[in-house]
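make a model of this:
(chains A and B)
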Protein chains: 2
Amino acid sequence: MLPDFAQAISAPLQDFERHLLEASARIERWFRLEWQDHTPPFYASIDLRNAGFKIAPVDTNLFPAGFENLSEDTLPLAVQAAMAAIEKYCADARNLLLIPDPRRRDPRYLRSLRRLSTILRQTGLRVRYGSVDPDVVAPLRIDAGDGEALLVEPVVRRGFRVGLADFDPCSILLNDDLPSGLPAVLDNVHEQVLLPPLHAGWTLRRKSRHFAAYADVARRFARQFDFDPWLITTGFVECDDADLRDDDGVERVALAVERILRQARARYREHGVDERPFAVVKANAGTCGIGVTPVRDAAQVRDASPAEREAMSPGADGRAARGLVVQEGVPTVETVDGGVAEPVVYTIDRYVVGGFYRVHTQRGADENLNAPGMHFVPLPFAASCHLPDRGESVEHAVNRFYVYGVVARLALLAAAVELEQTDPDPSLYG
Amino acid sequence: MLPDFAQAISAPLQDFERHLLEASARIERWFRLEWQDHTPPFYASIDLRNAGFKIAPVDTNLFPAGFENLSEDTLPLAVQAAMAAIEKYCADARNLLLIPDPRRRDPRYLRSLRRLSTILRQTGLRVRYGSVDPDVVAPLRIDAGDGEALLVEPVVRRGFRVGLADFDPCSILLNDDLPSGLPAVLDNVHEQVLLPPLHAGWTLRRKSRHFAAYADVARRFARQFDFDPWLITTGFVECDDADLRDDDGVERVALAVERILRQARARYREHGVDERPFAVVKANAGTCGIGVTPVRDAAQVRDASPAEREAMSPGADGRAARGLVVQEGVPTVETVDGGVAEPVVYTIDRYVVGGFYRVHTQRGADENLNAPGMHFVPLPFAASCHLPDRGESVEHAVNRFYVYGVVARLALLAAAVELEQTDPDPSLYG
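Predicted coordinates:
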């Protein structure tokens, strides 16, 4: 099952793709050198969008779920990458404590956790599940709906270490993006490795900082490989502490939308893109597509009804206080099975280990696809990300996926830089 | 295409397989810790044999060809493993010089080289081919028979470095097992990494040392995981400097065969194996199955005609002076496509990256299959080596391949130990 490109890819984007394919050996060396200086997050999933005139990451998730959607064929790659990562953080690791997202108990998420555990176990780890919720005081058996259950046990603190009652892990892997604050039990953990570090969670992380780090990385990469960084980046404006529930917040966001649309229109003209740009208003510390709204005109913000403003605002969990970010929207030209589609690329350590298309048959090319009704089509990303085929055209899926793997790894590198820049205390997470 | 097991696997071997599958997380950790202490050879291929009552490596090749037989699906694993290896040896490497086997110009070998280069290029390396043959003074274009050609250029020495006229590599990858001596041009190369080190070549390497290192590794592993090491090892006797062309040499080899057969008969009885054992006489510094002869009775050696003795002796290239090794033979119970088959497992760095069955329809279960007329059936080794399925029986291919991957990695670890033990000067290869 390969994607359809509903409209032609523009000549400059085709040139860019061809250019990357020709330079693949140099590009791999460039990444190799960058990974000498920057430590990749343990794992990530990167949402990309291909507009036909630019390809850009729109979300970099440092606590990925969705492992159940990866093709079985790519699991050995994930195991091998996880082996490299574990060796780096804790070479003699025997036990790993996995902290799931406490807000998710759906069978899909439990399948993702099981898949992730399978990968980790095959690197030679015992994996158990822990809860940092102070209300969880006894082991919790979560029914996966297929006869199997997941046992989540209360995390216990002992000095500078955490574990379970009878389990002392070397590493703690967070699959909880911490939108509602740092769990007290994980505060000041010294002797164990927290993956990713606590400041990767939404308590402290801000999308605007990631976009800024990405803009820098993309600029350096574009300079090195001689192309216009516009082809892989999006404009953005941070609206710090803006709240759409007050008029001042509305006006700041409306001005940001105007600025993004004005910039985008100018660049569209410059690049001969005959489309009407749009902007996306997102929570700056958001997760899972909550509060992602496409906007084609600042008036849409100014004239929004209270209900619409509420819809554009970040959701519960006190996220409202953390402001918004307005980003240039990237429509998607890809369709799979007749639905609008966007590629999602998974990484472990510095390696692309798989990916799939997120497909939504009820949403438009400018809308957020991470919404109820979406489905997933696994694709042989990993193979292609590693092995472009210069004998084929850039239109060939193998080659487009190589380009996607490159852009996803630029976002990964940006996340590494972002985590360095925002690190409150390097000694906290070894 | 999965193998047929022509006869049942014995109960103890099934127990052993089941035991390994259950212990897979602990086994992976064991390997992780071993690789902290021992550096795996850059690449290797390991020939295994499954007798139905034991599974053992019979040849560990540190200059593997045959990459063209690996399934395309497993190439991303090879690329990822090669990335890890390159990063270790020369993180900023841009250029790699590959030295092919000068004795092979057949299309099959050229396809193997091309496949290997594809893997290496995708780690971010420029790859060119060099010849260390002093007679090669100008670039040599070798026709691959499919319209493409390979350009092999004379290696040039500059101080403590080697390269091509306009190419300064960081690493030199040998695919030549050096049966006829160390090339002068590679002597005392200080500033570059030679992979594998020169003493891995047959000029210095001896099979008996590898078997001894393997016996130690297998014993340690068996003690750790509580099973009889006989299930994965073979007896062997080194006949140093023995030459079958003189009577003293013949008698020494005949005595060694008697000893191996006597030991094997005793252990067969002990393990309830109702078969007649055989021994194999091999060159101690041999390559590619030359001079591998199965012997069921010492009289076969004593009564051999001069022509038969010649056939049992190592071939040309002065190998005769390097002695012989007599090894317990391992019949194979596997058949693929109606031919006798043995699995061959490929590794890069410490990772299993693929494998295939070597199949011969004209040879018996006790014969060397590495002979004209063989063919190759790629198999999804890599996937299975990483991900056994505890829901399936040990008879399931996925699980048998996991066991093969474990035994192959024990041989790889033995090669690492062997290269440490035989290292003439650690500073030579960084």
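
which stretches in the stretch 251-400 of chain A count as strands?
Assigned by DSSP state E, counting those that start in this stretch, the stretch 251-400 of chain A shows strands spanning A:279-283, A:293-295, A:324-328, A:334-336, A:339-348, A:351-360, A:375-378.

between those, which one is closest to B:Cys170.
Nearest to B:Cys170, of all the strands of the stretch 251-400 of chain A, is strand A:351-360, at 21.7 Å by C-beta to C-beta. Using the backbone N, CA and C atoms, a C-beta is placed for each residue, glycine as well.

touching chain B at all, stretch A:193-212?
No - figure legend: stretch A:193-212 not in contact with chain B (C-beta under 8 Å from any C-beta of the partner chain); closest approach 15.2 Å.

buried stuff in that stretch?
Buried residues in stretch A:193-212, counted by 16 or more other C-beta atoms under 10 Å in any protein chain shown: A:193-212.

repeat for stretch A:118-137
Buried, per 16+ other C-beta under 10 Å, within stretch A:118-137: A:118-133.

now swap in stretch A:222-237 and tell me
A:Ala222, A:Phe225, A:Phe227, A:Pro229, A:Trp230, A:Leu231, A:Ile232, A:Thr233, A:Thr234, A:Gly235, A:Phe236, A:Val237.

among the strands of the stretch 251-400 of chain A, which comes closest to chain B?
Closest to chain B of the strands of the stretch 251-400 of chain A, according to C-beta to the nearest C-beta: strand A:351-360, at 5.5 Å.

just say helix, strand or coil for the closest residue to chain B within the stretch 101-250 of chain A.
When scored by C-beta to the nearest C-beta, the stretch 101-250 of chain A has A:Gly124 as its residue closest to chain B, at 3.1 Å. Assigned state for A:Gly124: coil (three-state reduction, DSSP: H, G, I helix; E, B strand; the rest coil).

quick one: it and B:Glu34 touch, right?
No - using C-beta atoms under 8 Å, A:Gly124 makes no contact with B:Glu34, being 10.9 Å away.

pull out the buried positions in stretch A:273-283.
A:Val273, A:Pro277, A:Phe278, A:Ala279, A:Val280, A:Val281, A:Lys282, A:Ala283.

how about stretch A:266-275?
A:Arg267, A:Tyr268, A:Val273.

hmm, who's touching that stretch?
For stretch A:266-275, contacts defined as C-beta atoms under 8 Å, 6 or more residues apart in numbering or on different chains pick out A:Ser10, A:Pro12, A:Phe53, A:Trp230, A:Pro277, A:Pro331.

number of nearby residues for A:Ala11?
Residues lying near A:Ala11 (other C-beta atoms under 10 Å in any protein chain shown) number 10.

re earlier: and the strands of the stretch 251-400 of chain A as CSV, adding distance to chain B and mean pLDDT?
Output for these, formatted as CSV (distance: least, C-beta to the nearest C-beta, whole Å; pLDDT from 0 to 100):
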stretch, distance to chain B, mean pLDDT
strand A:279-283, 33, 89
strand A:293-295, 35, 82
strand A:324-328, 31, 93
strand A:334-336, 22, 85
strand A:339-348, 10, 93
strand A:351-360, 6, 91
strand A:375-378, 14, 83
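
picking that back up, from the buried residues of stretch A:193-212, which land in strands?
Counting by DSSP state E, the buried residues of stretch A:193-212 place A:Val193, A:Leu194, A:Leu195 in strands.

identify the bridge partners of the last one.
Think A:Leu195. Note on A:Leu195: beta-bridge partners by DSSP bridges are A:Leu173.

quick one: contacts for it?
A:Pro41, A:Phe42, A:Tyr89, A:Ser171, A:Ile172, A:Leu173, A:Leu174, A:Tyr429.

just the buried residues of these.
Using 16+ other C-beta under 10 Å, the buried members of those are A:Pro41, A:Phe42, A:Tyr89, A:Ser171, A:Ile172, A:Leu173, A:Leu174, A:Tyr429.

name the nearest residue to the fourth one, ignoring sequence neighbours.
Meaning A:Ser171. Once flanking residues are discounted, A:Ser171 sits nearest to A:Val193: 4.5 Å by C-beta to C-beta, 6 or more residues apart in numbering or on different chains.

and for the third one?
Counting by C-beta to C-beta, 6+ apart, the nearest residue to A:Tyr89 once its immediate chain neighbours are dropped is A:Val193, at 4.7 Å.

host element of A:Val417?
Assessed by DSSP states H and E, A:Val417 sits inside helix A:397-421.

same question for that helix, mean pLDDT?
For helix A:397-421, mean pLDDT rounds to 92.

quick one: the helices in the stretch 251-400 of chain A, in order.
For the stretch 251-400 of chain A, helices defined by DSSP state H, counting those that start in this stretch occupy the ranges A:298-302, A:306-312, A:381-386, A:397-421.

mind listing what's buried in the first one?
What that stands for is helix A:298-302. Buried residues in helix A:298-302 (16+ other C-beta under 10 Å): A:Ala298, A:Gln300, A:Val301.

circling back to that earlier point, any idea which of the helices of the stretch 251-400 of chain A is most buried?
Between the helices of the stretch 251-400 of chain A, helix A:381-386 has the highest mean count of neighbours, a mean of 27, where neighbours are mean count of other C-beta atoms under 10 Å in any protein chain shown.

any idea of the mean pLDDT in that one?
59.

report how many residues lie close to A:Glu148.
11.

what of the one 10 residues further on?
The local packing of A:Arg158 (other C-beta under 10 Å) involves 9 other residues.

and the one 4 residues further on, by the same measure?
Counted with other C-beta under 10 Å, the neighbours of A:Val162 add up to 24.

which residues does it contact?
A:Val162 neighbours (C-beta under 8 Å, 6+ apart): A:Leu97, A:Gly130, A:Val155, A:Val156, A:Pro169, A:Ile172, A:Val185, A:Leu186, A:Val189, A:Gln192.

likewise for A:Arg265?
Contacts of A:Arg265 (C-beta under 8 Å, 6+ apart): A:Pro277.

how close does it sit to A:Leu379?
The gap separating A:Arg265 from A:Leu379 is 33 Å, by C-beta to C-beta, to the nearest Å.

identify the residue nearest A:Gly145 in space, chain neighbours excluded?
Here the residue nearest A:Gly145, using C-beta to C-beta, 6+ apart, is A:Pro107, at 4.1 Å.
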